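Novice: need the 3D shape of this:
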Amino acid sequence: MTKKEQVEGISTLFMPKEEMLEIQRKGKKITIGIPSDFDKVEYRIPLTPEAVELLVSYGHEIYIETNAGKASSYSDEEYRNTGAVIVDKKEEVFQCDLIIRVSPFDEEEVEMLRGHQTLISNMQLSAHCQSSIRRMMEKKVTSIAYEYLQNDNDCLPVVRLMSQIAGATSITLASEYLSNSRDGKGVLLGGVTGISPTELVILGSKTAAEFAARAALGLGATVKIFDDDMFQLRQIEEKLGQRVFTSVLYPNVLKKALKSADVVLGAMSFNSNPKFRVSEEMVMKMKKGSVIIDLNVSQGGCFETSKCTDLKNPTYEKHGVIHYCVPNVPSIVARTASIALSNVLAPIIISIGEYGGVQNYIKSSLGFRKGIYIYNGILTNHDLGQRLNIPSKDIDLLLAVF
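Specialist: Numbers count the residues shown, from 1 in each chain. Model prediction:
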């Protein structure tokens, strides 16, 4: 036995019985509900059949609303064969202990809850109103947002994966909306011998920006990256492995770049205080037929002219510029995005069961705790509280009470 093991053994020996009980894992079977998101124009599903099979092997029961995985090319039969229970009524799903989905929960769905349950989904600040949050609080639920979940390395795993997908997909979208197939101006995104390459301006320099830049550079486009963080600008150059145009967000430099841009991508990282970076006046001076893709629209948007759209009606035109402002861009490649999300969620749910339930796991996992915005009916997210004028409390202080 090593000296470290001896010390740990002695400390455990003199630990009060109550504390010893707290550190022991107690397996618990959880009922998990997955409602369909199709009516919200969201095509991803949080757990794949493979993940369901894994969770069922741990003894958990999973109830899935019929056709919930259809848009991700997963049939009810596939889920049934891996141990899930397929239900026709959404109300049945909303009686489970843990309910996971991709879209935020609306007021009508909150009414279906029996109360004292755990919800995991995207939060999307712009999707909530005061009444929906207050109703969640009245139901004494614990709500966790994908946007805030962290792992042991202080990384936001869901945000990072979805940003990778959104960044790469945005270049496919840009190419599509510049082409004649979408009534664009008929320009090839990239470069051809003897023709000036198209110009892409990216606002932001983190994950989504990196993957968008990689895809665009691979096609031969000219890429210009703006951010207010010099360290991040240096990092993205290193990651791309080549010199690209980078600049701090100086207004005059940005205005000049926007005037010649064919595509402008809003990829500023998640922020607690939304603030657009491009004014309507600057949009008015962009080339006719150019394309704006705002990946940050759910948090307020990078452009003054941004407003949320959906995958059924994804674009609108303003000042001669095509605006693509869908908040769930990864849903375009729903199967890939579902697998990525499932890879994060399945291990978390297994850990929740091993720790004896959500309440124990919250106390044990700091990263999971970071994702909570309502805890046992008490608002714990300061930014959401400020936005909706609802008092919030610190989660760490609450844990001393519950």
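Novice: tally of neighbours for Ala215?
Specialist: Applying other CB atoms under 10 Å, we find 21 residues neighbouring Ala215. Any C-beta I mention is one placed from the backbone N, CA and C, and that applies to glycine too.
Novice: also His323?
Specialist: By the criterion of other CB under 10 Å, His323 has 24 neighbours.
Novice: how about it: what's its closest non-neighbour residue?
Specialist: Leaving aside its chain neighbours, His323 sits nearest to Ile292 (4.9 Å; criterion: CB to CB, 6 or more residues apart in numbering).
Novice: work out for me the element that neighbour sits within.
Specialist: Element membership for Ile292 (DSSP states H and E) is strand 291-294.
Novice: following that strand, which helix or strand comes up?
Specialist: Per DSSP H and E, the first helix or strand lying C-terminal to strand 291-294 is strand 315-318.
Novice: can I get that following strand in CSV, CA atoms only?
Specialist: In CSV, the C-alpha atoms belonging to strand 315-318 read as follows (Å, rounded to 0.1, in the frame of the first residue of the first chain):
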residue,chain,number,x,y,z
THR,A,315,-34.1,33.1,-45.0
TYR,A,316,-35.4,36.5,-45.6
GLU,A,317,-34.0,39.5,-47.6
LYS,A,318,-33.2,42.9,-46.1
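Novice: that strand - contacts with which helices or strands?
Specialist: Strand 315-318 sits against strand 321-324, with contacts defined as 3 or more CB pairs under 8 Å, 6 or more residues apart in numbering; DSSP states H and E.
Novice: helices or strands up against the host helix or strand of Arg214?
Specialist: In the assignment (DSSP H and E), Arg214 maps to helix 207-219. Contacts defined by 3+ CB pairs under 8 Å, 6+ apart place helix 207-219 against helix 157-178, strand 199-203, strand 222-227, helix 230-240.
Novice: for stretch 305-322, give the mean pLDDT please.
Specialist: Averaged across stretch 305-322, the pLDDT comes to 96.
Novice: end-to-end on it?
Specialist: For stretch 305-322, the first-to-last residue distance is 11 Å (CA to CA, to the nearest Å).
Novice: so what touches it?
Specialist: With CB atoms under 8 Å, 6 or more residues apart in numbering as the test, stretch 305-322 has contacts from 41, 43, 126, 177, 184, 266, 276, 278, 280, 283-284, 286-292, 294, 297-298, 301, 323-328, 331-332.
Novice: just the buried ones among the residues you listed, please.
Specialist: Buried residues within the contacts of stretch 305-322, defined by neighbour count using 16 or more other CB atoms under 10 Å: 41, 43, 126, 177, 184, 266, 276, 278, 283, 286, 289-292, 294, 297-298, 301, 323-328, 331-332.
Novice: for the stretch 1-150 of the chain, what spans make up the helices?
Specialist: Using DSSP state H, counting those that start in this stretch, the helices of the stretch 1-150 of the chain run over residues 3-13, 17-23, 49-57, 76-81, 90-93, 107-112, 130-138.
Novice: re the thing from before, point out the most buried one among the helices and strands packed on helix 207-219.
Specialist: Here the criterion is mean neighbour count by mean count of other CB atoms under 10 Å, and of these the winner is strand 199-203, at a mean of 26.
Novice: quick one: the helices in the stretch 251-400 of the chain?
Specialist: Assigned by DSSP H, counting those that start in this stretch, the stretch 251-400 of the chain shows helices spanning 251-260, 280-284, 334-354, 358-364, 366-370, 382-388, 395-399.
Novice: now these in CSV, with mean pLDDT and distance to Ile100?
Specialist: Formatted as CSV, the helices of the stretch 251-400 of the chain follow (pLDDT from 0 to 100; distance: least, CB to CB, whole Å):
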stretch, mean pLDDT, distance to Ile100
helix 251-260, 97, 40
helix 280-284, 97, 38
helix 334-354, 97, 7
helix 358-364, 93, 12
helix 366-370, 94, 13
helix 382-388, 86, 20
helix 395-399, 89, 20
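Novice: of all the ones you listed, which one is nearest Val244?
Specialist: Proximity to Val244, assessed across the helices of the stretch 251-400 of the chain by CB to CB, is greatest for helix 251-260 (12.4 Å).
Novice: and the contacts of that closest one?
Specialist: Defining contact as CB under 8 Å, 6+ apart, one finds that helix 251-260 is touched by 199, 201, 224, 226, 247, 264, 277-278, 282-283, 285-287.
Novice: repeat the analysis, applying 10 Å as the threshold.
Specialist: If you take CB atoms under 10 Å, 6 or more residues apart in numbering as the criterion, helix 251-260 is touched by 196, 199-201, 203, 222, 224-226, 245, 247-248, 250, 264, 277-279, 281-283, 285-287, 290, 292, 321.
Novice: same deal with stretch 354-366?
Specialist: Residues from elsewhere that reach stretch 354-366 (CB under 10 Å, 6+ apart): 22-30, 58, 97-98, 117-118, 120, 142, 144, 149-152, 154, 348-349, 351-353, 368-369, 371-372, 375-376, 395-396, 398-399, 402.
Novice: now the residues you listed: which count as buried?
Specialist: By neighbour count, with 16+ other CB under 10 Å, those hold 28, 30, 97-98, 117-118, 120, 142, 144, 149-151, 348-349, 352-353, 368-369, 371-372, 375-376, 395 as buried.
Novice: walk me through the domains of this protein.
Specialist: The record's domain parsing of the chain by automatic domain parsing lists 25-155+334-399, 162-327.
Novice: where are the low-confidence patches of the stretch 101-250 of the chain?
Specialist: By pLDDT under 70, the low-scoring segments of the stretch 101-250 of the chain are 126-128.
Novice: now with 80?
Specialist: Along the stretch 101-250 of the chain, segments meeting pLDDT under 80 span 124-129.
Novice: OK, contacts around Asn122?
Specialist: Taking CB under 10 Å, 6+ apart as the test, what Asn122 contacts is 37, 42, 44, 101-105, 145-147, 158, 162, 298, 327-328.
Novice: which of these sit farthest apart?
Specialist: Distance extremes for those: the farthest pair is Phe105 and Met162 at 18.7 Å, using CB to CB.
Novice: next, count neighbours for Leu384.
Specialist: Other residues within reach of Leu384, judged by other CB under 10 Å, total 19.
Novice: which one, of the helices and strands packed on helix 207-219, ends up nearest to Asn389?
Specialist: For the helices and strands packed on helix 207-219, the distance to Asn389 is smallest for helix 157-178, at 26.4 Å, taking CB to CB.
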